[in-house]
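1. heads up, no residue letters with this:
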């Protein structure tokens, strides 16, 4: 079982959907520039559409990597304006370390076009029906990266 960290972002009407995605990108990239940030910004329109549809209200945007899993939710309407349940604090680890993946929750009616649009820009960022769990492929990648390999020679040599 992997460690799971939760963050909750204020969205509409407090912050428009595209600005919400930009804030999530800043959290995930920890303000750094590079390939990961470029890839995340390339899907900004699609991600903003998912956020505007309120898909991440109850179903998380799930980030898996070689470290802890990150679940990102959004607050809407009065909850977003009041903001007491928001937690946009920086993470104490790199959420895009190693072989990272992001799974966006999506309304069933939009799933086909969202998956197609994401595929044009990224193989790491995918969409799933908001009622579905994160795919087993994402689980396998996370589990594989966290397998402990014992090195007796290295251990006994220390």
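-> Done, it's in. Here the structure is a predicted model, which is why all the values come from computation and not from measurement.

2. Which helix runs longest in this protein?
-> Under DSSP state H, the helix in the chain containing the largest number of residues is helix 17-29.

3. what is the rounded mean pLDDT of it?
-> For helix 17-29, mean pLDDT rounds to 97.

4. Which residue ranges of this protein form helices?
-> In the chain, the helices defined using DSSP H lie at 17-29, 35-42, 44-52, 77-82, 111-119, 136-145, 152-156.

5. residues of the fourth one that come out buried?
-> I take that to be helix 77-82. By 16 or more other Cβ atoms under 10 Å, the buried positions in helix 77-82 come out as 79, 80. (C-beta placed from N, C-alpha, C; glycine too.)

6. ok, and what's touching it?
-> 10, 11, 12, 13, 14, 15, 74, 85, 86 (Cβ atoms under 8 Å, 6 or more residues apart in numbering).

7. Let me know how buried residue 5 is, in neighbour terms.
-> A total of 16 residues lie near residue 5 under the criterion other Cβ atoms under 10 Å.

8. What are the neighbouring residues in contact with residue 53?
-> Listed by Cβ under 8 Å, 6+ apart, the contact set of residue 53 reads 106, 107, 110.

9. Tell me the spacing between it and residue 47.
-> 11 Å (Cβ to Cβ, to the nearest Å).

10. same deal with residue 26?
-> 13 Å.

11. where does this protein dip in pLDDT?
-> Low-confidence segments of the chain, defined by pLDDT under 70: 1-2, 134-158.

12. for residue 10, what are its contacts?
-> By Cβ under 8 Å, 6+ apart, the neighbours of residue 10 are 20, 74, 75, 80, 81, 83, 86, 88.

13. Just flag the most distant two among those residues.
-> Spatial extent of the contacts of residue 10 (Cβ to Cβ) is set by the pair 81 and 88 at 14.9 Å.

14. Filter the contacts of helix 77-82 down to the buried ones.
-> Buried by 16+ other Cβ under 10 Å: 10, 11, 12, 14, 15, 74, 86, out of these.
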